[in-house]
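Visitor: Got a sequence here, can you build the structure:
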Amino acid sequence: MNVLLAIDDSEFSAYAVQSVMEKFRPSGTEVQVLHVVGPIAVSVPPQMAPGYAPELDVLVKEGQKLVEAAAEKLRKAGFRVTAKVEKGDPRSAIVDRAAAWPADMIVVGSHGKRGLTRFLLGSTSEAVARFAPCSVQIVRKPQNR
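Guide: Okay, here's the model as predicted:
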């Protein structure tokens, strides 16, 4: 089984990593840990080249550390793991990676946003569940924590 584990630097992603270790057997399961660095919403002077964003390089390096830490945890549990960092809109990048790999399951943490915050920021997990080419597990924070 191919499991795409999409993470960010939140506690919700830690719960998603734990969920993969608890719900899947290491033998026969390959996990691809993915972190997507989203675009920075600032205006760019017209004289700059399209797509030029040196500040994203720092975020990509931080993302690489993040996916490697999660990958190492999964490797110690016996899973075959690869780690990737991509640039783009997290919602579409996760769905696109799942289709291209191809993934049998996507696991993503839920931030539990509600109301205006959810309306303004959107819900990555909701968009992934809606448009994914495979099943999606949305991991919520356990009630007792």
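
Visitor: where do the helices sit along the chain?
Guide: 11-23, 55-76, 90-100, 115-121, 124-131 (DSSP state H).

Visitor: In CSV: those helices, plus mean neighbour count, distance to residue 3 and mean pLDDT.
Guide: C-beta: built from backbone N, CA, C; applies to glycine. What follows is the helices of the chain, written out as CSV (neighbours: other Cβ atoms under 10 Å; distance: least, Cβ to Cβ, whole Å; pLDDT from 0 to 100):
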stretch, mean neighbour count, distance to residue 3, mean pLDDT
helix 11-23, 17, 6, 95
helix 55-76, 15, 10, 94
helix 90-100, 19, 10, 96
helix 115-121, 10, 26, 44
helix 124-131, 18, 14, 92
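
Visitor: Just send those back as CSV, with distance to residue 36 too.
Guide: Listed next are the helices of the chain as CSV, based on distance: least, Cβ to Cβ, whole Å:
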stretch, distance to residue 36
helix 11-23, 12
helix 55-76, 8
helix 90-100, 4
helix 115-121, 15
helix 124-131, 9
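
Visitor: of all those helices, which lies closest to residue 29?
Guide: Nearest to residue 29, of all the helices of the chain, is helix 11-23, at 8.3 Å by Cβ to Cβ.

Visitor: centre of the chain versus that closest one, how much separation?
Guide: 12 Å (Cα atoms, centre = their mean, to the nearest Å).
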